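Engineer: attaching a predicted model along with its sequence, questions to come.
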Amino acid sequence: MVAEVLSQNFSHLIRNKIISGVKVASTLPPVVMQQFVDDTFLFGQSSVIEAKEWKHLLEDYALASGQLINYNKSKIYFFNTDRNLQNKIIHILGCCAANLPGSYLGLPLTVKEVTPKFWESILERMQKKLAGWSGKTLSGADKLQLLSASLQGVPVYFLSLFKISIAMVEKLEKIQRSFLWTGMEEKARISLVNWELVYKPKYMGGLGIRISDLNKALLTKITWNLVMGNADSCKIMRAKYFNHTPFSSLVSSNDLPSGSKIWSNIVKS
């Protein structure tokens with residue numbers, strides 16, 4: 001509720017043309033504030049006047065709400081801004097400047113394809129989880145439960161936004177296969193069932209642990225939320241990329257609007 005008051009105050013400044021915000025699409029008002037989890041994102045033009053207005057409003061918000069803003073943990077991202085102007089804005093707001101590509105909540109902030117190094121970090125995380133499990137003392141059902149709940153749980157956040165490569169799928173499935181049949185022991189054992197059958201959906205007689213299917217399902221869910229969602233972020237994406245064009249017509253055309261790799265993955269899903 002308090003954050004909503006802050007948002008309305010920023011909107012008031014835009015209506016009175018005191019600040020500009022960022023114009024994302026012609027059919028939407030300028031974007032100045034978005035929130036995700038416990039973080040607040042502010043968007044605006046690189047100007048001393050706008051920076052001062054932000055600072056005054058944020059100080060008033062902190063005084064009225066009792067919530068202190070941690071400027072030491074806040075970051076400013078500049079685009080096409082002169083270095084001298086950057087320094088002035090940094091001085092006014094009291095934040096540090098940051099550069100892209102970077103990361104947010106472990107996800108890379110980039111418009112390009114994620115590098116193999118990014119996926120290698122996922123592999124390492126999965127292997128560390130396995131290191132604490134004594135697979136040889138677990139039953140087959142126990143191992144399957146761990147695979148479903150923990151191994152697939154590690155990369156889900158990343159699979160929700162990025163399309164995983166076939167090579168990386170094979171590496172992840174190798175970890176799954178090794179744990180399921182050997183408990184990650186050094187000694188090799190014969191696989192009891194062909195892996196092609198194991199990773200099939202349960203209704204087809206498999207165990208339902210295929211990572212590539214999970215990746216496609218999660219990207220499709222993002223697409224559904226984008227097309228049907230009422231959140232401001234969904235409205236912004238629709239206005240920017242759809243331009244009142246039905247999504248089905250958009251993805252079937254050869255003239256797709258350009259965007260980040262995440263947008264490309266959504267369209268391909």
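Structural biologist: Here it is on my side, so go on.
Engineer: got the domain boundaries for the protein?
Structural biologist: Using automatic domain parsing, the domain parsing of the chain gives 2-99, 108-269.
Engineer: outside of stretch 92-108, which residues touch it?
Structural biologist: 37, 48, 51-52, 54-55, 71-72, 74-78, 86, 90, 109-110, 112, 114, 118, 157-158, 161 (CB atoms under 8 Å, 6 or more residues apart in numbering). To be clear about C-beta, it is placed using only N, CA and C from the backbone, and glycine gets the same treatment.
Engineer: the same query, at a cut-off of 6 Å, please.
Structural biologist: 51-52, 55, 71, 74-77, 90, 109-110, 114, 118 (CB atoms under 6 Å, 6 or more residues apart in numbering).
Engineer: got these as TSV, with neighbour count and pLDDT columns?
Structural biologist: TSV is the format used below for the contacts of stretch 92-108 (neighbours: other CB atoms under 10 Å; pLDDT from 0 to 100):
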residue	neighbour count	pLDDT
Ala51	22	92
Lys52	14	93
Lys55	16	92
Tyr71	13	88
Ser74	16	91
Lys75	12	91
Ile76	17	92
Tyr77	13	92
Ile90	15	94
Leu109	13	76
Thr110	16	71
Val114	20	74
Phe118	17	80
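Engineer: out of these, list just those in helices.
Structural biologist: In helices, judged by DSSP state H, the following of the contacts of stretch 92-108 are found: Ala51, Lys52, Lys55, Ile90, Phe118.
Engineer: which residues touch the second one?
Structural biologist: When contacts are counted by CB under 6 Å, 6+ apart, Lys52 is found next to Ile92.
Engineer: and the gap between it and Lys221?
Structural biologist: Separation of Lys52 from Lys221 (CB to CB, to the nearest Å) stands at 42 Å.
Engineer: output the below-cut-off pLDDT ranges for the stretch 51-200 of the chain.
Structural biologist: Counting by pLDDT under 70, the ranges of the stretch 51-200 of the chain that qualify are 111, 131-136, 149-155, 183-191.
Engineer: for the stretch 51-200 of the chain, which segments count as strands?
Structural biologist: Here the stretch 51-200 of the chain has its strands, by DSSP state E, counting those that start in this stretch, at 75-77, 96-98, 102-104, 107-109.
Engineer: to Ile211, which of these lies closest?
Structural biologist: strand 107-109 (17.7 Å; CB to CB).
Engineer: give the pairing partners of the closest one; include direction for each.
Structural biologist: strand 102-104 (antiparallel) (DSSP bridges).
Engineer: show me how far the partner strand is from its chain's centre.
Structural biologist: With CA atoms, centre = their mean, to the nearest Å as the basis, strand 102-104 stands 10 Å off its chain's centre.
Engineer: and what of stretch 192-202?
Structural biologist: Per CA atoms, centre = their mean, the centroid offset for stretch 192-202 relative to its chain is 30 Å.
Engineer: now do the same end-to-end measure for it.
Structural biologist: One end of stretch 192-202 to the other measures 17 Å (CA to CA, to the nearest Å).
Engineer: what's next to that stretch, contact-wise?
Structural biologist: Stretch 192-202 has contacts (CB under 6 Å, 6+ apart) with Arg177, Gly206, Leu207, Gly208, Ile209, Arg210.
Engineer: ok, stretch 69-82 next?
Structural biologist: So stretch 69-82 is contacted by Ser46, Leu58, Ala62, Gln86, Gly94, Cys95, Ala97, Ala98 (CB under 6 Å, 6+ apart).
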